[in-house]
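> sequence and predicted model, in that order:
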Amino acid sequence: MLLRDLPHGQVLDYARRAEAVGFDELWVVEDLGFRGGVAQTAAVLAATRTITVGIGILPAAIRNPVFAAMEIATLGQLFPGRVTIGVGHGMPDWMRSAGALPDSPLTLLGEHLTAIRALLRGETVTTRGRYVTLTEARLEPSSLPEIVPPVLAGVRGPKSLALSGRVADGTVLAEPCTPEYVRASVEKTAASPHSVVTYNAASVHPDTATAVAEVRPGLAWIGEPDWAPHLAPLPFAAEFAQLRASCATREEFAQRIPLEWVTQLALAGTPDEVRARNAELFDAGATTSVLIPAAADPLAALPALASAR
């Protein structure tokens, strides 16, 4: 993952290094108040040669689907076969802050994804939905990419996962992604073929304890209510909730998570340990495992993370 707060002077170097050490994909984020997803993607694609760049995710409520399709098609034309697009609800608080929180995020996302994918296929779209209204909208033939970028849904709830299975090429699952959570999510999408992209906080070090200590801060948020679907399939879900309730702060919670839980909720350990954990994710249905660097110097951490490929 290209971290959202990486110093701007390191962004292109980070992308080049990720490609040089052997990563297949680089995922950028579009979080409220940070850098734009489309601009980042275009920049890192231009600065690299072969690595695929994914956007995870573009909030559906922010962009008109026609103009979103234009941006996606442009990236697909200029960098054929190297672009993957994630679209999702966006965090409710962020959407509320931006004045773009819909009454029915599920309906909006379904209409938005359906329209974008049809436009990218070269179809002329006329629709009268609750949120998306288009009249003979289309992309000009000269703007259509030969290789249509896959469009994935970045979602987590059961209804949204089912929607992803119906209207998207795949699903982006936010961190933490355990094999249990991946398996449960794949069952809810009920679609095949269907790509599944997983995010996880990651630290790779010859000493497992060092890796676990480094990754702990990246787990501080996962005790909050929005992350409940990630934890529900786990055998220690009830104990996990009790631990969070007993902690006054997120930071205290992150430090008190038992080591054995940390190694299940993050990709933390030796190269062999992380490689084995990734294999479990793939066995559960993941097709891409995205590592979120936990190190204080993410650029320097890339070779160690790549050693677990």
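Everything's here; your move.
> need the three-state assignment for Leu134.
Three-state assignment for Leu134 (DSSP: H, G, I helix; E, B strand; the rest coil): strand.
> please renumber so the chain begins at 212
Got it, the first residue is 212 from now on, which makes the last one we talked about Leu345.
> and the residue nearest to Leu430 when sequence neighbours are not counted, which of the three is it?
Using C-beta to C-beta, 6 or more residues apart in numbering and skipping the chain neighbours, the partner closest in space to Leu430 is Ala465 (5.2 Å). Placement of C-beta: from N, CA and C, glycine included. Secondary structure state of Ala465, per three-state DSSP, is helix.
> if I look at Ala465, how far off is Phe451?
In this structure, Ala465 and Phe451 are 12 Å apart, going by C-beta to C-beta, to the nearest Å.
> ditto for Ala487
With C-beta to C-beta as the criterion, Ala487 and Phe451 are 23 Å apart.
> so for the two, which sits in the more crowded spot?
Each of Ala487 and Phe451 has its neighbours counted (other C-beta atoms under 10 Å); Phe451 has more, 21 against 12.
> after the host helix or strand of Leu237, which helix or strand is next? Please name it.
Counting by DSSP states H and E, the element that carries Leu237 is strand 236-239. Under the assignment DSSP H and E, the closest C-terminal helix or strand after strand 236-239 is helix 248-258.
> out of the helices and strands in the protein, which is least certain?
The helix or strand of the chain with the poorest confidence is helix 439-442; it has a mean of 92 (mean pLDDT, DSSP states H and E).
> from the contact counts, what lies against it?
Other helices and strands packing on helix 439-442, by 3 or more C-beta pairs under 8 Å, 6 or more residues apart in numbering; DSSP states H and E, are helix 390-400, helix 448-457.
> quick check: mean pLDDT of the longest strand seen in the chain?
Longest strand in the chain, counting residues (DSSP state E): strand 406-415. In this model, strand 406-415 carries a mean pLDDT of 98.
> quick check: angle from whichever helix or strand comes after that strand to strand 406-415?
For strand 406-415, the following helix or strand on the C-terminal side (DSSP H and E) is helix 419-426. For helix 419-426 against strand 406-415, the angle by axes from the mean of the first three to the mean of the last three C-alpha atoms, to 10 degrees is 110 degrees.
> which residues sit against helix 419-426?
Here helix 419-426 makes contact (C-beta atoms under 8 Å, 6 or more residues apart in numbering) with 412-416, 470, 473-474, 477-481, 484, 505-506.
> of all the residues you listed, which two lie farthest apart?
Farthest apart among the contacts of helix 419-426 by C-beta to C-beta are Leu470 and Ala506. That separation is 18.7 Å.
> how many neighbours does the closest residue to Pro291 other than its chain neighbours have?
Closest residue in space to Pro291, ignoring its immediate chain neighbours: Ile358 at 4.6 Å, by C-beta to C-beta, 6+ apart. Residues near Ile358, counting by other C-beta under 10 Å, number 12.
> now the buried members of the contacts of helix 419-426.
Neighbour-count burial (16 or more other C-beta atoms under 10 Å) applied to the contacts of helix 419-426 gives 412-416, 473-474, 477-481, 484, 505-506.
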